[in-house]
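> Make a model of this:
(chains A and B)
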Amino acid sequence: MRGIDPRFKIVSFLFLAWSIALTESIGKVLLYLPLVLATSFLFFRGRRFPFKVFLFADSFILLVLLTQLFLGSKEVALLVFLRSNEILLLSVSLLSSSSLFEVLHALHHLKVPNSLLQVAFLSYRYLNELSRKFELTLKSAKCRGFTPTTSKITYKTYAHLVANLLAYSSFKSEKVYKAMLCRGFNGYFPVFRHFKATTFDYLFLVITVGYGVLVWSL
Amino acid sequence: MEFVKVEGLSLEIEGREIFKGVSFSVNEGEKLFITGDNGCGKSSLIETIMGFLKPKEGKISFKGKELKREEDFKEVRSKIGYVFQNPDDQLFCPTVEEEIAFAPLVKGKNREETEKIVREILREFEIEHLKDRPTHKLSGGEKRIVSIGAVLSMEPEGLILDEPTVGLDRKRFRKLVNFLKETSKTVIVITHERELIEELNWKVFKMGESSP
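The predicted structure is shown next:
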């Protein structure tokens, strides 16, 4: 699954997710299952299944299920459960098999505005760093005897940590912008490694979208 | 010809004096160390030369031309490669390869030329194995070397390196020293590293003292 061109994965994901979300019969939703399971099998082969992600997502779906079971119909509850889990499985197996940068790069080719993608990429890149910085500062505070409780000093310490982080992110953004200017940044973010679509990518798109169209037209 | 010339430069930030009356010059092909106590404004001096901070008074010239407008500083930034003190500030691309390819692509080089530059830099600094690694997941020393490589890919006429040896292991330190010895570019290095200063034996400008 990793070898498939992300542009093709995004297109087939969007089409399948859209058609699954709009399907109103349980029979039809079940017909999508073989394709969803096949893509998941290809992606999860040789790696651990992310049970935690599904448990977390299903805990929200459970609320809808319970509401439908007690106040609505059992059929709708089952439909919601199947549709949401199929879309979740598809998104994990098709989208998370590429890095975020690859997905954003693919979205650029699919005509998503550049500025939006740049903001998404830089946010991901620096949120990662800010979370590391926060953990490091917290560790440093703990090394100096700080123990979080419900005391005033704990709230004050956390307030300092958050304020520090805000100041750091502002300082960091200025520095990074200067670094970009120093290296000739002019609003355009060039990409060196480009995608090359192969026959296999087209085959993947035809099979997945074709399957979706077939089930939809039944 | 004077590559960079600074005359009577003073800087104030939010009413606080950072440095005052700094004067020095570096000729083309010449190499210079800038040293000085912590907080004496070495990095701020470089940021002023690159046009990021506005001096209170004084003159900065690049190749004999006084720098006044943002356009003048843009030219300086395209011709002088500036390696930041903290490599985390410098690296913003998703992978090492993209990082090194950034400047040539922005400058309008084609794929083949960019590929050649990237390959050469990866080989020169022996970082081919880091090519596909995300930059934020590298070690401190690796980030430092990649940030130097990323700046060299601009093919600049001169280099300004702010504390380039911090975090480098012995092998990478030697690699950098050899590079600095061999390069024909104009180089300014801010450092406290005695070993580097003694081995390279370049002209030294100590901030807070008179010009070299």
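> measure stretch B:187-200 end to end?
Using CA to CA, to the nearest Å, the end-to-end distance of stretch B:187-200 comes out at 12 Å.
> Now find how far off-centre that stretch is within its chain.
Its chain's C-alpha centre and that of stretch B:187-200 lie 13 Å apart, by CA atoms, centre = their mean, to the nearest Å.
> For the worst-scoring helix or strand of chain B on mean pLDDT, which helices and strands make contact with it?
When the helices and strands of chain B are compared on mean pLDDT, DSSP states H and E, helix B:87-90 comes out lowest with a mean of 90. Packed against helix B:87-90, as judged by 3 or more CB pairs under 8 Å, 6 or more residues apart in numbering or on different chains; DSSP states H and E, are the following elements: helix A:152-182, helix B:140-152. (Glycine included, C-beta is placed from N, CA and C.)
> Counting by contacts, list what the helix or strand following that helix packs against.
Where DSSP states H and E defines the elements, the next helix or strand beyond helix B:87-90 is helix B:96-106. Helix B:96-106 is packed against helix B:111-124, helix B:140-152, with contacts defined by 3+ CB pairs under 8 Å, 6+ apart.
> Dump the C-alpha coordinates for helix B:96-106 into PDB.
Provided in PDB are the C-alpha atoms of helix B:96-106 (Å, rounded to 0.1, in the frame of the first residue of the first chain):
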ATOM      1  CA  VAL B  96      17.200  16.100   4.600                       C
ATOM      2  CA  GLU B  97      17.100  15.800   0.800                       C
ATOM      3  CA  GLU B  98      14.300  18.300   0.400                       C
ATOM      4  CA  GLU B  99      16.200  20.600   2.800                       C
ATOM      5  CA  ILE B 100      19.300  20.600   0.600                       C
ATOM      6  CA  ALA B 101      17.300  20.900  -2.600                       C
ATOM      7  CA  PHE B 102      15.300  23.900  -1.300                       C
ATOM      8  CA  ALA B 103      17.700  26.700  -2.300                       C
ATOM      9  CA  PRO B 104      18.700  25.400  -5.800                       C
ATOM     10  CA  LEU B 105      15.000  24.900  -6.600                       C
ATOM     11  CA  VAL B 106      14.000  28.300  -5.400                       C
END
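> hmm, who's touching it?
Taking CB atoms under 8 Å, 6 or more residues apart in numbering or on different chains as the criterion, the residues outside helix B:96-106 that touch it are A:183-186, A:188, A:190-193, B:91-93, B:113-114, B:117-118, B:121-122, B:127, B:130-133, B:135, B:138, B:146, B:149-151, B:153-155.
> Out of the residues you listed, which end up buried?
For these, a neighbour count by 16 or more other CB atoms under 10 Å in any protein chain shown gives the buried set as A:183-185, A:190-192, B:91-93, B:114, B:117-118, B:121-122, B:127, B:130, B:133, B:135, B:138, B:146, B:149-151, B:153-154.
> returning to that earlier point: with only the CA atoms kept, save the least confident helix or strand of chain B in CSV.
Written as CSV, here are the backbone C-alpha positions of helix B:87-90 (Å, rounded to 0.1, in the frame of the first residue of the first chain):
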residue,chain,number,x,y,z
PRO,B,87,20.0,24.4,13.5
ASP,B,88,16.4,23.8,14.6
ASP,B,89,15.7,27.3,13.5
GLN,B,90,17.2,26.6,10.1
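> Quick one: residues in contact with that helix.
By CB under 8 Å, 6+ apart, helix B:87-90 touches A:129, A:172, A:175-176, A:178-179, B:83-84, B:136, B:140, B:143-144, B:146-147, B:150-151.
> Buried subset of the residues you listed as a ChimeraX selection?
Here is the ChimeraX command that selects the buried residues among the contacts of helix B:87-90 (16+ other CB under 10 Å):
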select /A:172,175,176,178,179 /B:83,84,143,144,146,147,150,151
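> that older thread, quick one, which of the helices and strands packed on helix B:87-90 is nearest to residue B:18?
Distances from residue B:18 to each of the helices and strands packed on helix B:87-90 were compared using CB to CB; the minimum, 16.0 Å, belongs to helix A:152-182.
> Quick check: closest non-adjacent residue to residue A:118.
Counting by CB to CB, 6 or more residues apart in numbering or on different chains, the nearest residue to residue A:118 once its immediate chain neighbours are dropped is residue A:189, at 5.6 Å.
> actually residue A:186, sorry about that
Spatial nearest neighbour of residue A:186, excluding adjacent residues (CB to CB, 6+ apart): residue B:106 at 6.6 Å.
> still on that earlier bit, so which of the helices and strands packed on helix B:87-90 is the most surrounded?
Highest mean neighbour count among these (mean count of other CB atoms under 10 Å in any protein chain shown): helix B:140-152, with a mean of 23.
> does any bit of it sit next to chain A?
Yes: using CB under 8 Å from any CB of the partner chain, helix B:140-152 reaches chain A at B:150-151.
> next SSE after that helix?
Per DSSP H and E, helix B:140-152 leads on to strand B:158-162 as the next helix or strand towards the C-terminus.
> for the record, mean pLDDT for that following strand?
For strand B:158-162, the mean pLDDT works out to 95.
> what's downstream of it, the next helix or strand?
Proceeding C-terminally, strand B:158-162 gives way to helix B:170-182 as the next helix or strand, assigned by DSSP H and E.
> and whichever helix or strand comes after that next one, which strands flank it?
Following the chain from helix B:170-182 toward its C-terminal end, the next helix or strand by DSSP H and E is strand B:186-190. According to DSSP bridges, the neighbouring strands of strand B:186-190, each with its direction, are strand B:31-35 (parallel), strand B:158-162 (parallel).
> Please convert these to JSON lines, extending it with mean neighbour count.
Formatted as JSON lines, the entries for the strands paired with strand B:186-190 read as follows, by neighbours: other CB atoms under 10 Å in any protein chain shown:
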{"stretch": "strand B:31-35", "mean neighbour count": "21"}
{"stretch": "strand B:158-162", "mean neighbour count": "23"}
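> Of all those strands, which one is nearest residue A:113?
For these, proximity to residue A:113 was assessed by CB to CB; strand B:158-162 is nearest, at 35.4 Å.
> Quick one: residues in contact with that closest one.
Defining contact as CB under 8 Å, 6+ apart, one finds that strand B:158-162 is touched by B:3-4, B:26, B:42-43, B:46, B:49-50, B:79-85, B:148, B:151-152, B:183, B:185-190.
> now do stretch B:164-183
Contacts of stretch B:164-183 (CB under 8 Å, 6+ apart): B:31, B:83, B:85, B:124-126, B:140-141, B:143-145, B:148, B:159, B:187, B:189, B:191, B:193, B:196, B:199-200.
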